[in-house]
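In: Predicted structure and sequence below. I'll ask about it afterward.
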Amino acid sequence: MSADTELTIREAVDDDLPQILELLQSSLGWVPDEQYAAFYRWKHHQNPFGRSPAWIALDGERIVGLRVWLRWRFRRQGRTWSAVRAVDTATHPEYQGRGIFRRLTTSSLEQLTAEGVAHVFNTPNEQSRPGYLKMGWEQVGKLPVGVRFRSPVSAASAVRARVPADKWSLPSDAGQPAEEVLADADRLERLLAVLPDERIRTDLDVDVLRWRYGFASLHYRGLAEHGGVVLFRLRRRGPATECVIGHLLAPDDTVARKLVAGVAKASGADQVLRITDHPIARVGELPLPGGGPILTWRELAESGMPALDQWDLTMGDVELF
């Protein structure tokens, strides 16, 4: 095994993908099958915001570290800008504890800053958050989440389910496949045209929505009712079945209320979650105690972290996938 000083850091190229998948298998438990390879290509190569820049650490010809950034684009009041989301990172078990993660992060952020990428955002878990904060990330705050419980029994089950949710979705026949719901481009464009633009939100268009909810193995579903569209998926969280609303596109609050109620009925989930500043009490939606995921931010080409109340994010923007 070579000393750290002999490791090479460089940007990944297409020919590195087989070794990258092997590294993700050995360090993060990815399964060596076509589904995981297709998942990586969908997530990092097919993103309409751009291909994910990835950096690798090599010991000779062997890839022993990986740092990938998912490209994203935000908008506010007609202005758009590029950002990246901190996502997949891996270090081979034989090389852990040797500073590879920090070296990959520092090297790649220098180049992204030179490209004009405005900032990094992510929602790291409790284990990884301290490391990010030490490298210059700032904590924006907990994103507000509304929750609708199916019944008092479901609420009690959710309280007991204080465990991380599963990554992979549950197959479901609720609603329609997301691909079918997103087939009507005219309807989507009408709904996107009336989205509020006062706060920072993802710069959505039809292609972005179709990509975001288009990977079949994630089993995204949707409803197109009452002049609106809602996209969601089911997953397990301990003993509870949880429905996560990714994006809700509605022309007004009345339609939004009907869509949330429709998802709750169609999914049969113990709880329905979505990021929202204003839970809909009329359908039994309440603020989630303790709030949701913690948003973090790091400046690159632009400085000055926006406060939490300046963000208008959805679960589809921030959930781990």
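Out: Right, received. Where do you want to start?
In: What sits closest to residue 188 if chain neighbours are left out?
Out: Closest residue to residue 188 apart from its sequence neighbours, by CB to CB, 6 or more residues apart in numbering: residue 206 at 5.0 Å. All C-beta spots, glycine's among them, are computed from the backbone N, C-alpha and C.
In: What distance do you get for that neighbour to residue 192?
Out: 8 Å (CB to CB, to the nearest Å).
In: Can you give me the buried ones in stretch 73-81?
Out: 73-76, 81 (16 or more other CB atoms under 10 Å).
In: Same question for stretch 8-24.
Out: In stretch 8-24, counting by 16+ other CB under 10 Å, buried: 9, 12, 16-17, 19-21, 23-24.
In: Please tabulate those residues in TSV, including the columns pLDDT.
Out: Output for the buried residues of stretch 8-24, formatted as TSV (pLDDT from 0 to 100):
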residue	pLDDT
9	96
12	96
16	96
17	93
19	94
20	94
21	92
23	93
24	90
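In: Okay, and which of those map to strands?
Out: Of the buried residues of stretch 8-24, the ones assigned to strands by DSSP state E are residue 9.
In: May I have the strands that pair with the host helix or strand of residue 84, each with its orientation?
Out: Taking DSSP states H and E as the criterion, residue 84 maps to strand 79-91. The pairing partners recorded for strand 79-91 under DSSP bridges are strand 62-76 (antiparallel), strand 119-122 (parallel).
In: can I have the last one written out in PDB, keeping just the CAs?
Out: So the one you mean is strand 119-122. C-alpha atoms of strand 119-122 as PDB (Å, rounded to 0.1, in the frame of the first residue of the first chain):
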ATOM      1  CA  HIS A 119     -22.500  27.200  -4.100                       C
ATOM      2  CA  VAL A 120     -22.900  23.700  -2.800                       C
ATOM      3  CA  PHE A 121     -26.000  22.500  -1.000                       C
ATOM      4  CA  ASN A 122     -26.900  19.200   0.700                       C
END
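In: Mind giving me the packing neighbours of the helix or strand following that strand?
Out: Per DSSP H and E, the first helix or strand lying C-terminal to strand 119-122 is helix 129-134. With contacts taken as 3 or more CB pairs under 8 Å, 6 or more residues apart in numbering; DSSP states H and E, helix 129-134 sits against strand 294-299.
In: What is the strand it packs on packed up against?
Out: strand 119-122, helix 129-134, strand 138-142.
In: Let me see the contact set for the nearest residue to residue 12 once chain neighbours are set aside.
Out: Spatial nearest neighbour of residue 12, excluding adjacent residues (CB to CB, 6+ apart): residue 54 at 4.1 Å. Contact analysis of residue 54 by CB atoms under 8 Å, 6 or more residues apart in numbering lists 11-12, 20, 44, 66-69.
In: Pull the most distant pair out of those.
Out: 20 and 69 (14.0 Å; CB to CB).
In: can you put the strands paired with strand 79-91 in TSV and add mean pLDDT and distance to residue 28?
Out: Shown next, in TSV, are the strands paired with strand 79-91 (pLDDT from 0 to 100; distance: least, CB to CB, whole Å):
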stretch	mean pLDDT	distance to residue 28
strand 62-76	97	9
strand 119-122	97	16
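In: And the ones you listed: which comes nearest residue 291?
Out: strand 119-122 (16.5 Å).
In: What lies in contact with the closest one?
Out: Contacts of strand 119-122 (CB under 8 Å, 6+ apart): 69, 72, 83-87, 109, 132, 137, 295-302, 305.
In: Are any of the residues you listed buried, and if so which?
Out: By 16+ other CB under 10 Å, those give 69, 72, 83-87, 109, 132, 137, 295-298, 300, 305 as buried.
In: Max pairwise distance over the residues you listed: which two?
Out: Farthest apart among the buried ones among the contacts of strand 119-122 - using CB to CB - are 87 and 305, which lie 19.9 Å from each other.
In: tell me the domain ranges of the chain?
Out: 4-117, 145-290+311-318 (automatic domain parsing).
In: can you tell which of these is closest to residue 125?
Out: domain 145-290+311-318 (7.6 Å).
In: Mean confidence (pLDDT) on the closest one, please.
Out: The predicted model assigns domain 145-290+311-318 a mean pLDDT of 92.
In: same question, stretch 87-94
Out: Rounded mean pLDDT across stretch 87-94 is 92.
In: now what about it, what contacts it?
Out: 1, 23-24, 26-28, 43-44, 52, 57, 63-70, 98, 100-101, 104-105, 122.
In: And these, which of them are buried?
Out: Judged by 16+ other CB under 10 Å, buried ones among the contacts of stretch 87-94: 23-24, 26-27, 43-44, 52, 57, 63-70, 98, 100-101, 104-105, 122.
In: What distance do you get for the closest residue to residue 20 other than its chain neighbours to residue 95?
Out: Nearest non-adjacent residue to residue 20, counting by CB to CB, 6+ apart: residue 66, 5.9 Å away. Note on residue 66: its distance to residue 95, by CB to CB, is 11 Å.
In: same check, this time on residue 119
Out: The value you get for residue 119 to residue 95, if CB to CB is used, is 29 Å.
In: pretty sure residue 293 contacts residue 143?
Out: Yes: look at residue 293 against residue 143 with CB atoms under 8 Å: they come within range, at 5.6 Å.
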